[in-house]
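*Asks:* for reference, the sequence and a predicted model appear below.
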Amino acid sequence: MTNVFQPRNLLLAGMPGIGWAAAGDWTGLPWGLLAALCAGLIPAGYIEWRRKRGAWGDRHVVDRTKRAPIFLVILGSIGTGSLLMVLGGAPAGILAAMLGLWAMTVVLLAVNTVWKISVDAAVGSGIVALLAAAHSPWWLLGYGMTLAVCWSRVALTYHTVAQTVAGTGLGAATAAAFLFV
């Protein structure tokens with residue numbers, strides 16, 4: 001059994017929509033794609049590169065003690081993307097979403113030092129909450145997908161229910177940054 005709702009896929013699908021909403025038209029799509037690249041594809045590429053070099057058994061990096069370098073790459077990548085957005089005059093909403101993801105990653109890193117929290121649940125929840133804040137409360141129905149992510153993490157025995165619930169709550173809190181823009 002594999003998790004089809006991988007964070008990079010959720011970010012690829014969701015961030016362009018958040019960029020569109022932030023700009024009010026199609027001109028936000030490139031900013032959303034930049035966000036997806038920095039928050040999803042670059043970190044996923046790093047994980048895969050390290051996995052192929054034998055650093056980890058799979059992309060899930062089940063051993064939390066080996067996760068710190070991943071979080072640092074994510075922070076650097078999101079930070080770089082945010083800087084490019086500031087310099088390029090990106091809409092405030094997509095920048096707020098990126099900064100929310102950056103803050104979420106800081107919390108994930110801090111929590112991960114003492115307890116294993118579900119990054120997949122946090123990202124899934126964060127994207128759904130951001131889309132709901134940016135577009136319509138109807139996007140909250142996307143929490144069905146977040147529930148599927150949580151179920152798969154528990155079924156694969158990568159996380160406990162508590163770890164997925166904590167990740168889901170953190171992801172939802174990430175959307176708060178977007179609400180204040």
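*Replies:* Right, received. Where do you want to start?
*Asks:* so what's W26 up against?
*Replies:* If a contact means Cβ atoms under 8 Å, 6 or more residues apart in numbering, then W26 has W20 as its contacts. (Glycine included, C-beta is placed from N, CA and C.)
*Asks:* where's it relative to A92, distance?
*Replies:* 18 Å (Cβ to Cβ, to the nearest Å).
*Asks:* for S136, grab phi and psi.
*Replies:* Dihedral pair for S136: phi -170, psi 150, per degrees, to the nearest 10.
*Asks:* and it, what is it in contact with?
*Replies:* Counting by Cβ under 8 Å, 6+ apart, S136 has no contacts.
*Asks:* quick one: the spatially most central residue of the chain from V106, how far?
*Replies:* The chain has V123 as the residue nearest its centroid, 3.5 Å off, counting by Cα atoms, centre = their mean. Separation of V123 from V106 (Cβ to Cβ): 14 Å.
*Asks:* returning to what we had before: and the pLDDT for the residue nearest to the centre of the chain?
*Replies:* Per-residue pLDDT puts V123 at 92.
*Asks:* may I have the secondary structure class of it?
*Replies:* helix (DSSP: H, G, I helix; E, B strand; the rest coil).
*Asks:* nearest residue to it in space, please, no chain neighbours.
*Replies:* Distances taken as Cβ to Cβ, 6 or more residues apart in numbering put P7 closest to V123, at 3.9 Å, once the chain neighbours are dropped.
*Asks:* the one you found reaches A44, doesn't it?
*Replies:* Yes - P7 is in contact with A44 according to Cβ atoms under 8 Å; the separation is 7.5 Å.
*Asks:* so what's V111 up against?
*Replies:* Taking Cβ under 8 Å, 6+ apart as the contact definition, V111 lies against 117, 166, 170.
*Asks:* scan these and report the most crowded one.
*Replies:* Counting neighbours by other Cβ atoms under 10 Å, I117 comes out on top of these with 24 neighbours.
*Asks:* any idea how far R67 is from it?
*Replies:* 10 Å.
*Asks:* can you check V107 too?
*Replies:* 13 Å.
*Asks:* the more surrounded of those two?
*Replies:* R67 (20 against 14).
*Asks:* so who does that one touch?
*Replies:* With contact set as Cβ under 8 Å, 6+ apart, R67 has these partners: 61, 112.
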